[in-house]
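Quick one: sequence plus predicted model below, questions after.
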Amino acid sequence: MKIETKIERFTTPLYLESGRILEPYQIAYETYGELNSDASNVILICHALSGSAHAAGIYEGDRKAGWWNGLIGDGKAIDTTKYFVISTNVIGSCFGSTGPMSSNYPSDKPYRLKFPVITIKDMIKAQKQLLSNLGIYHLKAIIGGSMGGMQALQFGVDYPNFSDKIIALATTYATQPWAIAFNKVAMEAIRRDPRFKNGNYEKDDFKKDGLDGLAIGRVAGHISYLSPNSMSRKFGRNYVNNDGLFELFGRYEVERYMEYNTNNFSKLFDPMSYLYIIKAINTFNLSRGYDSLYEAILRIKAETTLISFKSDYLFFPEEMRHIYKMMRRNSQEVEYHEIDSDYGHDAFLVEIDKFSYIIKKVLNE
C-alpha cells in the first residue's frame with residue numbers, strides 16, 4: 001500500500017462558525033492508494049477525538065500501525081487497490097494541523113487560549129478546502145466513527161451533493177448531557193492542574209512527565225469508551241500481585257490499566273488541544289443553522305449507512321436509530337446496523353471484523 005504524509009498550508013482565511021477568522025492555517029493529511037484519472041475513487045476518512053491523520057499503515061521504526069489499519073489497506077474493506085483514501089488531521093488538533101499551540105501569526109508565540117473555538121462545521125469546512133486544493137470536488141464516500149461520524153454526517157447536511165455515500169459509526173445527531181458530563185471531568189481536571197498555568201505552559205512541557213490533569217480527565221473518558229461487560233471480562237476483580245490488599249493505594253488490575261494508559265496519553269496529547277476538541281464535540285448539533293433537526297436531516301442526499309454498537313454508553317444506539325427513522329420517513333436512502341458487541345464505544349476501533357463486511361458491501365454496491 002502506497003502511503004504518503006503531507007501538510008497543506010493555506011493563506012486564504014477560514015471563516016469560522018463563531019464569526020472569527022483563522023488565517024493562515026495548515027492541515028496534515030495522509031493518502032493511501034492511487035487517484036484515478038477522473039478522481040472518482042476518493043474516500044475521506046475522519047478521525048475521533050484523540051486520532052490523527054495516521055489512519056493506516058506503519059512507518060519504519062514504529063511498532064504501532066494507524067488507528068484503522070484493520071479496515072484500510074490493500075484487499076481490506078476500504079481497499080486501497082481500488083480507492084484513493086485521504087485521512088486528515090482536524091484543525092484544533094496537535095498532530096500537524098493548526099491548533100492552539102501553533103504560532104499566532106505574525107507572532108511566533110502560540111495562540112494558547114486566544115485560539116478560536118472550533119466546531120465540527122469548521123473542521124469539515126477546512127477539510128473541503130483541502131480537497132479543493134488537491135483538485136478533488138466530489139467523493140465516493142466519507143467514513144468516520146465517533147467524532148469522525150459527526151464530521152461525516154455534517155458533510156452530508158452542509159454539502160449534500162459532495163459525496164455519494166456517508167458511513168457514520170458510533171456517533172449521534174447532537175451530543176447529549178451524559179457525554180458532555182464526562183467531558184466536563186476532563187476540562188476541570190486540566191484547568192485546575194497548577195502546571196497547566198491557565199494555558200501559559202511551554203509547548204513541550206509535558207512530553208516527559210505528562211500533565212496529571214489530562215491523565216485524570218482521560219480516565220473519565222476511557223471509562224465512557226468501554227462497557228461494564230468488557231471491563232469485567234478483561235480485568236475481573238484481579239488485584240495487582242505486588243500491591244498489598246490493605247494498602248490504601250493498592251490497586252486492582254483495572255486501576256493499574258487506567259493509570260498506565262492515561263499517563264502515557266498525557267505525554268502524547270496536548271492538553272490545550274484536548275480542551276478545544278471536547279468543546280467541538282460538546283457543541284455538535286446537526287440542527288444548528290437550520291430550522292430543525294428534521295430540516296437538517298432532509299438535506300442529506302448521499303446514501304447513508306449508520307452503524308451503532310449495543311453496548312455503546314457514550315453515544316447510545318437509540319441516538320443513531322433516531323436519525324435512521326427520520327430518514328426512512330423522508331424516503332431517503334439509508335440503512336442501519338446495530339452491532340452485537342459488549343466492548344463499548346471503542347468497538348468501532350477494536351472489533352473491526354464485526355462491521356468491516358458492511359463497509360465493504362456498501363462501497364462495492
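All right, it came through fine.

Report the contact partners of the nearest residue to F10 once chain neighbours are set aside.
Counting by CB to CB, 6 or more residues apart in numbering, F10 lies nearest to Y25, which is 5.4 Å off, once chain neighbours are set aside. (Glycine included, C-beta is placed from N, CA and C.) Neighbour list for Y25: 9-10, 14, 91, 97-98, 102, 126 [criterion: CB atoms under 8 Å, 6 or more residues apart in numbering].

H47 versus A55, what's the distance?
Using CB to CB, to the nearest Å, we find A55 at a distance of 7 Å from H47.

who's more crowded, the two?
Taking neighbours as other CB atoms under 10 Å, A55 and H47 compare with A55 leading, 29 against 25.

mind listing the strands in the stretch 201-350 of the chain by residue range?
Applying DSSP state E, counting those that start in this stretch to the stretch 201-350 of the chain gives strands spanning 303-309, 334-339.

hang on, I meant the stretch 51-200 of the chain
Under DSSP E, counting those that start in this stretch, the stretch 51-200 of the chain gives strands at 72-73, 78-79, 84-88, 139-145, 163-169.

Mean pLDDT, mean neighbour count and distance to F315 for the ones you listed - can I get that in CSV?
Below are those laid out as CSV (pLDDT from 0 to 100; neighbours: other CB atoms under 10 Å; distance: least, CB to CB, whole Å):
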stretch, mean pLDDT, mean neighbour count, distance to F315
strand 72-73, 97, 26, 22
strand 78-79, 98, 22, 22
strand 84-88, 98, 26, 21
strand 139-145, 98, 27, 10
strand 163-169, 98, 25, 10
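
can you put those strands in TSV and add distance to F182?
Converted to TSV, the strands of the stretch 51-200 of the chain look like this (distance: least, CB to CB, whole Å):
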stretch	distance to F182
strand 72-73	28
strand 78-79	29
strand 84-88	25
strand 139-145	17
strand 163-169	19
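
Nearest to K203, out of those?
Nearest to K203, of all the strands of the stretch 51-200 of the chain, is strand 84-88, at 22.3 Å by CB to CB.

Who are the packing partners of the closest one?
strand 25-32, strand 42-46, helix 120-133 (3 or more CB pairs under 8 Å, 6 or more residues apart in numbering; DSSP states H and E).

list residues touching both of A55 and H47?
Each of 67, 87 lies in contact with both A55 and H47 under the rule CB under 8 Å, 6+ apart.

Verify the stated contact: Q332 with A302.
No: using CB atoms under 8 Å, Q332 is not in contact with A302; the gap is 9.1 Å.

Between these two, point out the one with more neighbours.
Neighbours were counted for Q332 and for A302 using other CB under 10 Å; A302 has more, 25 against 18.

Report the separation between the more buried one and T12.
A302 sits 27 Å away from T12, going by CB to CB.

count of neighbours near the residue nearest to L245 when sequence neighbours are not counted?
Using CB to CB, 6+ apart and skipping residues adjacent in sequence, the residue nearest L245 is Y239, 6.2 Å away. Y239 sits with 15 neighbouring residues when counted by other CB under 10 Å.

Contacts only, for Y239.
Neighbour list for Y239: 245, 250-253 [criterion: CB under 8 Å, 6+ apart].

Pull out the buried residues from those residues.
Using 16 or more other CB atoms under 10 Å as the burial test, the contacts of Y239 include 252-253 as buried.

Tabulate the contacts of Y239 (TSV), appending pLDDT and distance to L139.
Shown next, in TSV, are the contacts of Y239 (pLDDT from 0 to 100; distance: CB to CB, whole Å):
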residue	pLDDT	distance to L139
L245	93	56
G250	96	53
R251	96	47
Y252	97	46
E253	96	44
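
I'd like the contacts of Y239 written out as CSV, with distance to E259 added.
Output for the contacts of Y239, formatted as CSV (distance: CB to CB, whole Å):
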residue, distance to E259
L245, 18
G250, 13
R251, 7
Y252, 11
E253, 11
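
where exactly do the helices run in the stretch 151-300 of the chain?
Here the stretch 151-300 of the chain has its helices, by DSSP state H, counting those that start in this stretch, at 177-191, 212-225, 228-235, 253-268, 271-282, 293-298.

Could you export those as CSV, including distance to F84?
Listed next are those as CSV, based on distance: least, CB to CB, whole Å:
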stretch, distance to F84
helix 177-191, 33
helix 212-225, 30
helix 228-235, 35
helix 253-268, 29
helix 271-282, 27
helix 293-298, 29
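
and of these, who's closest to K203?
Among the helices of the stretch 151-300 of the chain, the nearest to K203 by CB to CB is helix 271-282 (9.7 Å).

So what touches the closest one?
49-50, 90, 92-94, 99-101, 112-113, 115, 117-120, 122-123, 147, 150, 175, 179-180, 183, 186-187, 190-191, 193, 196, 199, 206, 211, 213-214, 217.

In the stretch 251-365 of the chain, where is pLDDT below threshold?
Within the stretch 251-365 of the chain, no stretch has pLDDT under 70.

in this structure, which residue is closest to the centre?
A48 (1.1 Å; CA atoms, centre = their mean).

And that residue, what's its pLDDT?
A48 carries a pLDDT score of 98 in this model.

residue contacts, it?
Contacts for A48 (CB under 8 Å, 6+ apart) come out as 144-148, 349.

again, only this time at 7 Å
Residues in contact with A48 (CB atoms under 7 Å, 6 or more residues apart in numbering) are 145-148.
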